[in-house]
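Visitor: Quick one, fold the following:
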Amino acid sequence: MPGGQKLQIFIALPAGYASVPGMAEQEKAKEQSRLAALYSYNILDTSAEQAFDDLVRIASHICQTPISLISLIDSNRQWFKARIGMEPQETHRDIAFCAEAIKTPDLMVVEDATADPRFQDNPLVIDDPEIRFYAGAPLITPEGHALGTLCVIDREKRKISEEQQDLLQRLARQVMNQMELRRRIRQEKITTEALQQSLGIQRAMFDSANLSIIATDLDGTIQTFNQGASRMLSYDPEEVVGKTDPRIFHDSHEIVRRAIELGKDLGRMVEPGFEVFVAQCRETKHADEREWTYIRKDGSRFPVLLSITPVIKEDRIAGYLGIGRDLTETNRLKEQRDEMSEEILRANKLLEAELEEASIRHKHLVEASPEMIFSMDLDGTIRSMNQRVHGLLGYNADEVVGKSILELLFSGSSQFNFEGELLLDRMKNMADVPRRIEMSLPFETRAGNLIELYVTLDYVSLGWPMVFGRAIPNQEDVLSQYVLSSSRELQIGNDIQLIDEISKSIAEEASRCLDEEERMGITLGIREMLMNAIEHGNLGITFEEKSLALEEDRLFDLIRERQKEAAIRQKRIRVGYTFNQKELSVHIEDEGQGFDTEKMLGRNIKDVAESRRMHGRGIRITKEMFDEIRYTGKGNRVILRKLFE
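Guide: Numbering: from 1, shown residues only. Coordinates of the predicted model:
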């Protein structure tokens, strides 16, 4: 060739080229591995998702191109997970620019496709969409497989800056992060479903076992009463749980005799009550097994072999577990054939071994759970924690037991942990109203990083108040697109430090229906109304007093003085909101005397004289941000409405 130029020949391989005979075995194996990695994400031919749509829109905006795609290269096609400016959902692989781009780990830039011998005869260059400019950043898995690209396309020749190239590659990494997150969610869902199925089987085993399994607290009050016990004694669980101790179905004469025996063995007096059943195992901390007579609800009697075991929690006895087996058939067989007694005893031991095995399996399931599972007192003191805390927060389980849940929450630079205090406030009422608590909380890892966890709390009474909790990584950024409506009610004091957090939180709920400017405006409007409710409502600061305080630069001193007054400290601000696809409605109510709302709403904040005033513009500004602002009664309750098109 003239000038020492090398001849380059580009051949468009046919669809399905990974299996074309003659391809190097190494390349075929590499392509098969790449396709297996792609299929493991289960993303091909799925519906559009907001997280991916947002990324292509950002890419198009950064590079100022009319077309942006997330392209995934299948065996014989390129399929678009997200697209802007391109109508087809997929194209043939043999004409795909992206099929070429995945051959290198770096950004591929084609400034003029008509001058590039690889693409100048490509149908996508010659015909619609008449591609001239292309820049594609490969989507590379943690294992190094290139699954496709995040690319931008223009119909005009052009260049992009180094900064734009860097941002495009960063966005490509975010695409892969979203794909990894999506796969992790799916895998965790499968694991959780398997765990729930296993626990369901285990629960069915307990209920179907031909054993009475009864748990009590330290005082003997029955806490659990399984189906085997219900069948054996003819009592429904509702008749005995939390209401009585096991003496109700025991022979009183046997109890007295056993009390006398224990008194001799232990060298002390034993009361003929619940103490008779647990005195022995309390002394030894081992199971006490002996034969008793059970009395059914109808008065009929039958012998049982009852094994009573102390439930040990943190090296102390927290309650007792009694496992009873009906000996009616056993004793009958003993009377008929003594030689069968040994076999019957082995069967009894086998049943006990199965129960112990089921208990061990349950413990292993808890430790293997993908969720952080824990228990705590109503004041937030952690009492137990599984090992998942190490994977999520970096702590060992024994490091966090005994700590307050607040010590694990992220507080940033603020000394006031709003989410933590709100959690403790809700937990205080769980004993009276045992409702499930579900909320997202910001946790801080050992390394000091912030991680959002979705926490579910349930109240359980085991003779003392206890809260059992589960926490999983919060996927709100992915799942928020499915939230169609929400509502919340809050009651706060007159602390102005809270109003920014509350305003941002409410506006964030409706952010999927707002652009950034609207979201900031809504946040500002809610903040102004909360500030008015505190200053002019509960604190009773008049507009004249505030004007003078602003001129003298002592407004915050005035607020602090009012907050110290006993009558004002009792006053509360009630805040609530409702969000759905049609509107955001916020209501704020104070306990002040109210004011002339018509006069304030009638002000023109664009007037020069009005704009010079140092305050009083909050209500009118809010009216600019919301579609409706309506005061009720004497002016101490306001309703704000933002309508969505």
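Visitor: Below-threshold pLDDT in the stretch 401-550 of the chain: ranges please.
Guide: 412-416, 462, 475-485, 516 (pLDDT under 70).
Visitor: Show me the strands in it, by range?
Guide: 437-444, 450-461, 465-473, 486-492 (DSSP state E, counting those that start in this stretch).
Visitor: now residue 441, which residues is it bridged with?
Guide: residue 453 (DSSP bridges).
Visitor: just to revisit the earlier point, need the winner for burial among the strands of the stretch 401-550 of the chain.
Guide: Mean neighbour count (mean count of other C-beta atoms under 10 Å) peaks for strand 465-473 among those, with a mean of 19. Quick note: C-beta positions are derived from backbone N, CA and C, even for glycine.
Visitor: can you give me the angle that strand makes with strand 450-461?
Guide: 150 degrees (axes from the mean of the first three to the mean of the last three C-alpha atoms, to 10 degrees).
Visitor: in its sheet, what does strand 465-473 sit against?
Guide: strand 372-376 (antiparallel), strand 450-461 (antiparallel).
Visitor: Redo these as CSV? Include distance to residue 277.
Guide: Rendered in CSV, the data for the strands paired with strand 465-473 read as follows (distance: least, C-beta to C-beta, whole Å):
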stretch, distance to residue 277
strand 372-376, 27
strand 450-461, 21
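Visitor: Out of the ones you listed, which is closest to residue 87?
Guide: Closest to residue 87 of the strands paired with strand 465-473 is strand 450-461 (C-beta to C-beta; 37.3 Å).
Visitor: if we can go back for a sec, out of the strands of the stretch 401-550 of the chain, nearest to residue 201?
Guide: Of the strands of the stretch 401-550 of the chain, nearest to residue 201 by C-beta to C-beta is strand 465-473, at 19.8 Å.
Visitor: What would that closest one look like as PDB? C-alpha coordinates only.
Guide: Provided in PDB are the C-alpha atoms of strand 465-473 (Å, rounded to 0.1, in the frame of the first residue of the first chain):
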ATOM      1  CA  PRO A 465     -42.200  -6.100  76.800                       C
ATOM      2  CA  MET A 466     -39.900  -6.900  73.800                       C
ATOM      3  CA  VAL A 467     -39.600  -5.600  70.300                       C
ATOM      4  CA  PHE A 468     -38.400  -7.900  67.500                       C
ATOM      5  CA  GLY A 469     -37.000  -6.200  64.400                       C
ATOM      6  CA  ARG A 470     -35.800  -6.900  60.900                       C
ATOM      7  CA  ALA A 471     -33.800  -4.600  58.700                       C
ATOM      8  CA  ILE A 472     -32.800  -4.800  55.000                       C
ATOM      9  CA  PRO A 473     -31.100  -2.300  52.700                       C
END
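Visitor: What are the contacting residues of it?
Guide: Strand 465-473 has contacts (C-beta atoms under 8 Å, 6 or more residues apart in numbering) with 188, 370-378, 383, 392, 427, 430-431, 441, 443, 451-460.
Visitor: Of the strands of the stretch 401-550 of the chain, which is nearest residue 556?
Guide: strand 486-492 (18.5 Å).
Visitor: which residues sit against that closest one?
Guide: Contacts of strand 486-492 (C-beta under 8 Å, 6+ apart): 498, 502, 506, 509, 572, 573, 574, 575, 576, 577, 578, 579.
Visitor: Now find how far off-centre it is within its chain.
Guide: In this view, strand 486-492 has its centroid 19 Å away from the chain centroid, taken as C-alpha atoms, centre = their mean, to the nearest Å.
Visitor: partners of it, with directions?
Guide: Counting by DSSP bridges, strand 486-492 is paired with strand 573-579 (antiparallel).
Visitor: could you give the mean pLDDT of the partner strand?
Guide: Strand 573-579 shows an average pLDDT of 90 in the prediction.
Visitor: Distance check, the residue nearest to residue 622 when sequence neighbours are not counted against residue 488.
Guide: Closest residue to residue 622 apart from its sequence neighbours, by C-beta to C-beta, 6 or more residues apart in numbering: residue 525 at 3.9 Å. Note on residue 525: its distance to residue 488, by C-beta to C-beta, to the nearest Å, is 17 Å.
Visitor: do residue 531 as well
Guide: Applying C-beta to C-beta to residue 531 and residue 488 gives a distance of 20 Å.
Visitor: tally of neighbours for residue 637?
Guide: Using other C-beta atoms under 10 Å, residue 637 has 17 neighbouring residues.
Visitor: Now it. Nearest residue, chain neighbours left out?
Guide: In space, residue 637 is closest to residue 589, 4.2 Å off (C-beta to C-beta, 6+ apart).
Visitor: tally of neighbours for the one you found?
Guide: 19.
Visitor: you'd agree it is up against residue 636?
Guide: Yes. Using C-beta atoms under 8 Å, residue 589 is in contact with residue 636, at 6.4 Å.
Visitor: Which neighbours do these two have in common?
Guide: The contact sets of residue 589 and residue 636 overlap at residue 533 (C-beta under 8 Å, 6+ apart).
Visitor: which one's the longest helix in the chain?
Guide: helix 162-208 (DSSP state H).
Visitor: now stretch 82-100: mean pLDDT?
Guide: 92.
Visitor: Grab the nearest non-local neighbour of the residue nearest the centre of the chain.
Guide: When C-alpha atoms, centre = their mean is applied to the chain, the residue found nearest the centroid is residue 454 (2.2 Å). Nearest non-adjacent residue to residue 454, counting by C-beta to C-beta, 6+ apart: residue 474, 4.5 Å away.
Visitor: Check the separation of the first and last residues in stretch 431-438.
Guide: 16 Å (C-alpha to C-alpha, to the nearest Å).
Visitor: Can you point out the buried residues in it?
Guide: Residues of stretch 431-438 classed as buried: residue 437 (neighbour count, 16 or more other C-beta atoms under 10 Å).
Visitor: Provide a list of residues in contact with residue 524.
Guide: Residue 524 makes contact with 503, 621, 622, 625, according to C-beta under 8 Å, 6+ apart.
Visitor: any chance of those residues in a markdown table, plus distance to residue 162?
Guide: Formatted as a markdown table, the contacts of residue 524 follow (distance: C-beta to C-beta, whole Å):
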| residue | distance to residue 162 |
| --- | --- |
| 503 | 39 |
| 621 | 42 |
| 622 | 44 |
| 625 | 40 |
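Visitor: For these, give me CSV that also has distance to residue 123, neighbour count and secondary structure.
Guide: Converted to CSV, those look like this (distance: C-beta to C-beta, whole Å; neighbours: other C-beta atoms under 10 Å; DSSP: H, G, I helix; E, B strand; the rest coil):
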residue, distance to residue 123, neighbour count, secondary structure
503, 54, 22, helix
621, 56, 15, helix
622, 56, 23, helix
625, 50, 18, helix
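Visitor: what's the most distant pair in those?
Guide: Applying C-beta to C-beta across those, the maximum distance is between 503 and 621, 13.1 Å.
Visitor: surely the residue nearest to the centre of the chain meets residue 437?
Guide: No. Counting by C-beta under 8 Å, residue 454 sits too far from residue 437 to count as a contact (11.4 Å).
Visitor: So what pairs up with the residue nearest to residue 637 in the strands?
Guide: Under the criterion used (DSSP bridges), residue 589 bridges to residue 574, residue 637.
Visitor: show me what contacts the residue lying closest to residue 174 once chain neighbours are set aside?
Guide: Computed as C-beta to C-beta, 6+ apart, the closest residue to residue 174 that is not its neighbour in sequence is residue 55, at 6.0 Å. Counting by C-beta under 8 Å, 6+ apart, residue 55 touches 70, 82, 150, 171, 174, 175, 178.
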